[in-house]
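Visitor: Just need the structure, nothing else, for what follows:
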Amino acid sequence: MTVREIYEIIHGLAPFDTQEEWDNSGLLVGSGSGEVTCVLFALDATLPVILEAEKCGAELIVTHHPLMLSARRRLTDEDYEGRVLQRLIRSGISLIAAHTSLDRAPGGMNDTLAQTIGLQNIEGEGFIRAGDLPFPMSAAAFAEQLRLKLGDAVRLMGPEHAVVHRAGLCTGSGGGEWEEAARLGCDAFISGEIKHHLAIAMAGSGIAAFECGHFATELPGLLALAEALQTRLNPLQCRVRIIRSALGGYDFSPKP
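Guide: Residues are numbered from 1 along each chain as shown. Down below sits the predicted model:
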């Protein structure tokens with residue numbers, strides 16, 4: 001199995017040419033011809049993630065967030081990203097990022113989050129998904145349900161007694177997408193990060209806002225991508241591992 005073959009599988013699931021103009025998804029470091037026997041998935045390419053890749057023998061890291069979102073004029077160890085890139089190169093580890101292409105893809109980040117939290121009759125396109133709750137519940141009860149399903153703290157921005165029937169969502173730092181959710185008839189909006197002025201605007205429009213954590217909202221989609229890749233690979237040829245901690249610690253799950 002080569003880096004290029006894995007790239008093509010990911011491209012088939014979330015085409016890289018659908019990424020936003022400002023994004024930097026794709027093969028960022030390494031060679032398409034490089035042989036791969038183990039792939040490590042993580043939300044970000046950090047130094048702890050690279051150390052774990054070295055430890056478990058992964059020749060390829062697949063992340064959601066890319067490196068080099070801003071153009072670089074030099075590659076030195078004077079900044080953190082430079083040190084990460086140097087370590088990848090010295091270790092001979094390739095890096096693929098699937099960012100906004102995976103956010104908007106069918107079965108990608110936003111679809112997976114909607115399914116994870118139990119929404120029904122899911123619709124939407126681009127970066128927005130909307131769906132019905134199985135039954136109406138108070139905003140406080142829905143916040144508790146989100147906490148249990150996502151395994152992280154949930155910040156409710158709005159009255160606890162408000163009744164939620166239909167929720168929209170956008171993973172990560174997607175708070176700015178709430179108006180599209182409102183147009184889809186939602187009375188609640190979920191994202192990883194919601195700025196204060198956006199929460200005020202939502203409250204003024206009768207929409208309860210739920211800030212669930214950047215990592216917590218994107219982990220389900222990362223897991224789904226890893227599982228989709230493993231089903232397309234012979235596990236005897238290529239193992240997939242997943243780092244679950246937000247900043248790239250050593251809590252990972254081996255895949256068969």
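Visitor: pLDDT of stretch 62-80, averaged?
Guide: Mean pLDDT, computed over stretch 62-80, is 94.
Visitor: mind listing what's buried in that stretch?
Guide: Neighbour counts over stretch 62-80 (16 or more other C-beta atoms under 10 Å) mark 62, 63, 64, 65, 66, 67 as buried. For the C-beta atoms, the positions are set from N, CA and C on the backbone; glycine is no exception.
Visitor: Look up how far residue 175 lies from the first one.
Guide: Spelled out, that is residue 62. Distance, residue 62 to residue 175, by C-beta to C-beta, to the nearest Å: 26 Å.
Visitor: cool, and residue 209?
Guide: From residue 209 across to residue 175, the span is 8 Å (C-beta to C-beta).
Visitor: Report the set of residues contacting both of these two.
Guide: 189, 191, 194, 198, 199 (C-beta atoms under 8 Å, 6 or more residues apart in numbering).
Visitor: Filter the residues you listed down to the ones in helices?
Guide: 198, 199 (DSSP state H).
Visitor: Dump the shared contacts of residue 209 and residue 175 to JSON lines, plus distance to residue 45, neighbour count and pLDDT.
Guide: Listed next are the shared contacts of residue 209 and residue 175 as JSON lines, based on distance: C-beta to C-beta, whole Å; neighbours: other C-beta atoms under 10 Å; pLDDT from 0 to 100:
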{"residue": "189", "distance to residue 45": "30", "neighbour count": "31", "pLDDT": "98"}
{"residue": "191", "distance to residue 45": "23", "neighbour count": "27", "pLDDT": "98"}
{"residue": "194", "distance to residue 45": "26", "neighbour count": "23", "pLDDT": "96"}
{"residue": "198", "distance to residue 45": "29", "neighbour count": "20", "pLDDT": "96"}
{"residue": "199", "distance to residue 45": "31", "neighbour count": "22", "pLDDT": "94"}
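Visitor: what's the closest of the shared contacts of residue 209 and residue 175 to residue 94?
Guide: residue 191 (30.9 Å; C-beta to C-beta).
Visitor: Contact partners for the closest one?
Guide: Going by C-beta under 8 Å, 6+ apart, the list of residues near residue 191 reads 169-175, 177-178, 209-212, 217.
Visitor: what sits opposite it in the beta ladder?
Guide: Counting by DSSP bridges, residue 191 forms beta bridges with residue 170, residue 211.
Visitor: how close does it get to residue 240?
Guide: 28 Å.
Visitor: swap in residue 202?
Guide: Taking C-beta to C-beta, one finds residue 202 at 38 Å from residue 240.
Visitor: Likewise for residue 128?
Guide: According to C-beta to C-beta, residue 128 stands 29 Å off from residue 240.
Visitor: Among the buried residues of stretch 62-80, pick out the one closest to residue 40, please.
Guide: Of these, the one sitting nearest to residue 40 (C-beta to C-beta) turns out to be residue 62, at 7.4 Å.
Visitor: what are the bridge partners for that closest one, then?
Guide: With DSSP bridges as the rule, residue 62 is bridged to residue 41, residue 96.
Visitor: Tell me which helix or strand comes right after the lengthiest helix in the chain.
Guide: Criterion DSSP H: the longest helix present in the chain is helix 214-231. Where DSSP states H and E defines the elements, the next helix or strand beyond helix 214-231 is strand 239-243.
Visitor: Just checking: what are the partner strands of that next one?
Guide: strand 38-42 (parallel), strand 252-254 (antiparallel).
Visitor: List the contacts of residue 204.
Guide: So residue 204 contacts nothing (C-beta under 8 Å, 6+ apart).
Visitor: do the same with the one 4 residues further on
Guide: Contacts for residue 208 (C-beta under 8 Å, 6+ apart) come out as 139, 142, 156, 157, 158, 159, 162, 164, 187, 188, 189, 202.
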